[in-house]
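Would you be able to build a 3D model of this:
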Amino acid sequence: MLKIGLTGGIGSGKTTIAKAFCDLGYPVYIADTEASRLMKRSPEIRNGLIALFGVNIYRPDHSLDKQQLASLIFNDSTLLKEVNRIVHPAVMQDFSDWCSQQQAPFVFFESAILFEAGLGSYFDSVICVTADLSTRIERVMKRDQVSAEKVNERIRNQAEDDEKSKQADFIIDTTDGKGWRNQITTFIDSLICK
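You can find the predicted model right below:
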């Protein structure tokens with residue numbers, strides 16, 4: 001089984017690409033969704049986050065207070081690294097367990113911060129989904145009902161698409177909203193030929 005990383009910046013279209021792979025019958029592990037589940041259910045993560053931030057980082061219903069966490073780590077790279085040190089190993093173990101239950105010849109791991117988290121080496125191949133900046137800003141403004149300034153702030157807190165693209169093995173550009181389907185076919189054909 002080949003493990004394929006799928007990454008891209010906010011508004012790049014990586015969720016659309018992940019869904020397209022899923023629609024084609026390929027299993028896709030959505031790291032952000034699974035990390036949220038693990039942050040609620042994993043005793044190791046829970047204990048680590050409480051040790052780092054105190055018991056109030058979790059609400060009375062045991063769900064993580066994501067807004068509080070985001071505000072604490074947003075401009076503090078040291079705290080962000082500590083959170084990643086707690087969460088990422090559990091996510092990768094969960095991904096490994098998930099892979100063992102799949103029957104497909106290849107599976108996908110979707111994460112916006114795949115390279116930032118130092119996870120590139122876990123995968124046989126990595127796809128970077130890109131789009132031009134104006135397209136990304138427009139998409140996120142429409143999706144999240146936020147200003148261009150807010151979108152630009154989020155983009156500045158992620159690695160540049162150029163940096164991600166340099167580290168990736170394959171690029172899918174979604175700027176025009178159409179050509180990516182052919183790019184997916186090309187990528188799948190390249191995997192089948194391996």
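
Torsion angles phi and psi at the residue nearest the centre of the chain?
Centroid-nearest residue in the chain, with CA atoms, centre = their mean: residue 111, separated by 1.5 Å. Residue 111 has phi and psi values of phi -150, psi 130 when expressed as degrees, to the nearest 10.

nearest spatial neighbour of it, skipping sequence neighbours?
residue 31 (3.8 Å; CB to CB, 6 or more residues apart in numbering). No exception for glycine: its C-beta is placed from N, CA and C like everyone else's.

hang on, the earlier thing: tell me how far the residue nearest to the centre of the chain lies from residue 98.
Counting by CB to CB, to the nearest Å, the gap from residue 111 to residue 98 is 14 Å.

My guess is residue 5 contacts residue 118. True?
No: applying CB atoms under 8 Å, one finds residue 5 not in contact with residue 118, separated by 11.8 Å.

then stretch 90-101 to PDB, C-alphas only?
Provided in PDB are the C-alpha atoms of stretch 90-101 (Å, rounded to 0.1, in the frame of the first residue of the first chain):
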ATOM      1  CA  ALA A  90      -0.900  10.300  18.200                       C
ATOM      2  CA  VAL A  91      -2.300  11.300  14.800                       C
ATOM      3  CA  MET A  92       0.400   9.400  13.000                       C
ATOM      4  CA  GLN A  93      -0.200   6.300  15.100                       C
ATOM      5  CA  ASP A  94      -3.900   6.600  14.400                       C
ATOM      6  CA  PHE A  95      -3.200   7.000  10.700                       C
ATOM      7  CA  SER A  96      -1.000   3.800  10.800                       C
ATOM      8  CA  ASP A  97      -3.800   1.900  12.600                       C
ATOM      9  CA  TRP A  98      -6.300   3.300  10.000                       C
ATOM     10  CA  CYS A  99      -4.100   2.200   7.100                       C
ATOM     11  CA  SER A 100      -4.000  -1.400   8.400                       C
ATOM     12  CA  GLN A 101      -7.800  -1.500   8.000                       C
END
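
and for it, what are the contacting residues?
1, 3, 27, 29, 31, 34-35, 38, 42, 44-45, 107, 109, 119, 122 (CB atoms under 8 Å, 6 or more residues apart in numbering).

The residue lying farthest from the centre of the chain: what secondary structure?
Farthest-out residue of the chain from its mean C-alpha position, per CA atoms, centre = their mean: residue 60, at 27.7 Å. Going by DSSP: H, G, I helix; E, B strand; the rest coil, the secondary structure assigned to residue 60 is coil.

Which stretches in this structure count as helices?
14-23, 31-41, 43-53, 66-73, 77-99, 133-144, 148-156, 161-167, 180-192 (DSSP state H).
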